[in-house]
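Student: everything below, folded, please.
(2 chains)
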There are 2 protein chains.
Amino acid sequence: MPQLYHHWLSPSARFIRIILAEKQVDPILCLEKDWERRPAFLALNPAGEVPVLVMDNGRTYSGTKAIAEYLEEFYPEPALLIGDIDQRYEIRRLIGWFHTKISAEVTRHIVNEKLFKRFLGMGTPDSETVRCAAHNLKTHLRYITHLTAQQNYLAGGQFTLADAAAAAHISVADYFGDILWNEWPEVKEWYVRVKCRKSMRSLLADRITGLTPPKHYSELDF
Amino acid sequence: MPQLYHHWLSPSARFIRIILAEKQVDPILCLEKDWERRPAFLALNPAGEVPVLVMDNGRTYSGTKAIAEYLEEFYPEPALLIGDIDQRYEIRRLIGWFHTKISAEVTRHIVNEKLFKRFLGMGTPDSETVRCAAHNLKTHLRYITHLTAQQNYLAGGQFTLADAAAAAHISVADYFGDILWNEWPEVKEWYVRVKCRKSMRSLLADRITGLTPPKHYSELDF
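Tutor: Numbering: from 1, shown residues only, chains lettered A, B, ... in the order given. Model prediction:
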């Protein structure tokens, strides 16, 4: 069975967990506090970051998007990178958008300020950064509203890697209660559809002792 | 003929230029100073960054890695994402490595300090940042040395998207004279191989008026 090095609130690791679950692969989850820079983990991935996947053949895979494409090729069913050349482009563009932009503008700061600094005591949280991340989050929620105006999922009528990437980030922001769902009805409709998928169950059941998400976090009807 | 919005020293735009040239596609190059945030350009790509590709069908493509995968599908010959599932993974991992890590640790800072601040006068260059970027660059040159120890190109015996990604960044650092080639003989051997390719010619011939690269920059034997 594949092993996945992850930590609870890494959106990149969540992205890979969702993909594996969609493919009905149940990996052995290894909690890796990658900020501790454990030498044995650095040997697996010189970039020092989760996710890292170790397949049954013993080979190691790192780099979030490279892992996603690899899994799509290794487990072709159900396909999550679907459609014609233009739809596949759009799915990849959106993976890049969420992986790069929502990460740099929102989730990296939320995790840094609220998990590493406030909860783990690795520094003094900076309220200005928290405020900026909250402001930037609205831009991304508006973008999801725009994308889902005419279609059920972000890149068309079906769930794809683009939805997995977005859900990974949204679920992290939601763990900290940072999304005022009443203000974003269209995003909520999309996220209810995503949350109802089996692939989200194990991820939404994870809890960090002492850091409880809001009650609605894992509820399907919120 | 496709149009490519680029600017001279964007490694991401260079990556796409190299791919197009390998595919023997000669795009119309449109210089876009994306830091000026021109509204018509933002309408093409809300992320506001080059490269942006406009194909003959009028459709617009943005997001560097998504464009690269699209071009590989649209122009399958010559193939630059080759081999079995593990080699394709390795190529994609390396694209991510260079696109994300060398960018964040080296080239973004070089371009910011030396092009935007020093040359374009958009701020005071920070010598500590320049020093850090130079230090980080060594790590990446060591990594290229390691990768090319047993093979001619970064992901095997043939030129792939991984080499295109690395060459895009290395050529930008080299434009500013930041690579002491005598200290990196193995990297130099690899880069000579890359520079000899037709696909590098137009890119290495570009000059910014008033900002001249070192003499060796475009020489094949340096």
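
Student: interface residues of chain A facing chain B?
Tutor: Within chain A, the positions adjacent to chain B are A:46-47, A:59, A:61-67, A:69-70, A:73-74, A:85-86, A:88-89, A:92-93, A:95-97, A:101, A:143 by C-beta under 8 Å from any C-beta of the partner chain. (Each C-beta comes from the backbone N, C-alpha and C, glycine too.)

Student: of those, which belong to strands?
Tutor: Secondary structure assignment (DSSP state E) places A:61-62 from the residues of chain A next to chain B within strands.

Student: just the helices in chain A please.
Tutor: A:11-22, A:39-44, A:64-74, A:85-96, A:108-110, A:127-147, A:161-175, A:185-195, A:201-205 (DSSP state H).

Student: contacts for the third one, please.
Tutor: In other words, helix A:64-74. Residues outside helix A:64-74 that contact it (C-beta atoms under 8 Å, 6 or more residues apart in numbering or on different chains) are A:12, A:15-16, A:19-20, A:23, A:51, A:53, A:55, A:61, A:79-81, A:95-96, A:99, A:161, B:65, B:85, B:88-89, B:92-93, B:95-96.

Student: circling back: so among the residues of chain A next to chain B, which ones count as buried?
Tutor: The neighbour count (16 or more other C-beta atoms under 10 Å in any protein chain shown) marks A:47, A:61-67, A:69-70, A:74, A:88-89, A:92-93, A:95-97, A:101, A:143 as buried among the residues of chain A next to chain B.

Student: so if we follow the domain assignment, how does chain A break up?
Tutor: Here the domain assignment for chain A is A:3-74, A:85-218, based on automatic domain parsing.

Student: need these in JSON lines (columns: mean pLDDT).
Tutor: Below are the domains of chain A laid out as JSON lines (pLDDT from 0 to 100):
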{"stretch": "domain A:3-74", "mean pLDDT": "96"}
{"stretch": "domain A:85-218", "mean pLDDT": "95"}
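
Student: how about those in a markdown table, adding distance to residue B:196?
Tutor: Converted to a markdown table, these look like this (distance: least, C-beta to C-beta, whole Å):
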| stretch | distance to residue B:196 |
| --- | --- |
| domain A:3-74 | 28 |
| domain A:85-218 | 31 |
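
Student: now for those, which one comes closest to residue B:155?
Tutor: Judged by C-beta to C-beta, the one of the domains of chain A that comes nearest to residue B:155 is domain A:3-74, at 11.3 Å.

Student: quick one: end-to-end distance for that closest one.
Tutor: The separation between the terminal residues of domain A:3-74, taken as C-alpha to C-alpha, to the nearest Å, is 15 Å.

Student: I figured residue A:95 was touching residue A:163, is that so?
Tutor: No: here residue A:95 does not reach residue A:163: they are 10.0 Å apart, not a contact under C-beta atoms under 8 Å.

Student: grab the most central residue of chain A for me.
Tutor: Central residue of chain A (C-alpha atoms, centre = their mean): residue A:168, 1.9 Å from the mean position.

Student: what's near enough to touch that one?
Tutor: Residue A:168 touches A:11-12, A:14-15, A:18, A:98, counting by C-beta under 8 Å, 6+ apart.

Student: out of the residues you listed, the closest to residue A:116 would be?
Tutor: Nearest member of those to residue A:116, counting by C-beta to C-beta, is residue A:11, at 14.3 Å.

Student: if we can go back for a sec, closest one to residue B:138 among the helices of chain A?
Tutor: helix A:39-44 (17.9 Å).

Student: not counting its neighbours along the chain, what's nearest residue A:15?
Tutor: In space, and not counting its chain neighbours, residue A:15 is closest to residue A:168: 4.0 Å by C-beta to C-beta, 6 or more residues apart in numbering or on different chains.

Student: if I look at that neighbour, how far off is residue A:64?
Tutor: According to C-beta to C-beta, to the nearest Å, residue A:168 and residue A:64 sit 9 Å apart.
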